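# just need the structure, nothing else, for what follows:
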Amino acid sequence: MSRIGKNPVNIPDKVEVTISETSNGQIVKVKGPKGELEATFRKEIKFIKQDKNIAVTRESDEKLVRSLHGLSRTLLHNMILGVTEGFKKELDVIGVGYKAQLQGTKLILQTGYSHPVEVEPPNKDTKIEIDKTQTHITIVGINKQTVGDLAAYIRAVRLPEPYKGKGIKYTSERIRRKVGKSAAKK
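So this is what the prediction gives:
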């Protein structure tokens, strides 16, 4: 039995969860104060709603089904967390002349290229915020995967380099620095 999958998912008071059957599997809709999320889960995994909890069960002990058991429970838990609390990723822009600006909802990055790089949020639930110094980016949303994907895409615009540390990095990330080459003395 999956250690994660056997734990029931608690439903908070402000959250409404609806589970519907289809030929492909189950569609789970989660509605909360921050928004609404929907996901389709495979037919081998079953969600059973009991009072303020949802139990996740599986049909068989095949390897694929066992691996989907814990994953499905975690995805459902993340959906409930997203509509109640939301998810957040923070990035720092480091480098002389490097900055980020907002133009409506679009993020404009100036990171040493000959042109500014424009990044558009994938949906209306995901928002990009910038502080006054224009070097700290915060991505906020209800879908954990969308927030993480957008943060990874922004970081990939200019990856942090190991010599001076210039680039875009996660706020909690620590860049391992390298010592530069020293000139040979004669």
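
# any weak-confidence spans in the chain?
For the chain, applying pLDDT under 70 flags the ranges 1-2, 183-186.

# which residues of it fall in helices?
63-84, 144-157 (DSSP state H).

# show me the contacts for the nearest residue to Lys46 once chain neighbours are set aside.
Leaving aside its sequence neighbours, Lys46 sits nearest to Thr57 (C-beta to C-beta, 6 or more residues apart in numbering; 4.9 Å). C-beta here means a position set from N, CA and C on the backbone, and glycine is covered the same way. For Thr57, the contacting residues are 45-46, 48, by C-beta atoms under 8 Å, 6 or more residues apart in numbering.

# out of those residues, who has the most neighbours?
Using other C-beta atoms under 10 Å as the neighbour test, those are led by Ile45, with 21 neighbours.

# relative to Thr146, how far out is it?
According to C-beta to C-beta, to the nearest Å, Ile45 and Thr146 sit 22 Å apart.

# same question for Lys88.
Applying C-beta to C-beta, the value for Lys88 to Thr146 is 12 Å.

# with Phe41 instead?
For Phe41, the distance to Thr146 - C-beta to C-beta - is 18 Å.

# can you lay out the helices of the chain as CSV showing mean neighbour count and distance to Asp125?
Shown next, in CSV, are those (neighbours: other C-beta atoms under 10 Å; distance: least, C-beta to C-beta, whole Å):
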stretch, mean neighbour count, distance to Asp125
helix 63-84, 19, 9
helix 144-157, 17, 8
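
# and of those, who's closest to Leu102?
With C-beta to C-beta, the closest approach to Leu102 among the helices of the chain belongs to helix 144-157: 12.6 Å.

# got the contact list for Gly35?
82-83, 125, 142.

# so what's it closest to, chain neighbours aside?
Per C-beta to C-beta, 6+ apart, closest to Gly35 is Ile142, 4.7 Å.

# ok, now Gly148?
Closest to Gly148 by C-beta to C-beta, 6+ apart is Lys89, at 6.5 Å.

# check His136 too.
Nearest non-adjacent residue to His136, counting by C-beta to C-beta, 6+ apart: Asp92, 5.9 Å away.

# now the strands for this protein?
Taking DSSP state E, the strands of the chain run over residues 9-10, 16-21, 25-32, 35-42, 45-50, 53-58, 87-94, 99-103, 106-110, 117-119, 127-130, 136-141, 167-170.

# got CSV for these, with distance to Ser67 too?
Formatted as CSV, these follow (distance: least, C-beta to C-beta, whole Å):
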stretch, distance to Ser67
strand 9-10, 18
strand 16-21, 21
strand 25-32, 15
strand 35-42, 11
strand 45-50, 11
strand 53-58, 10
strand 87-94, 24
strand 99-103, 39
strand 106-110, 36
strand 117-119, 33
strand 127-130, 33
strand 136-141, 27
strand 167-170, 28
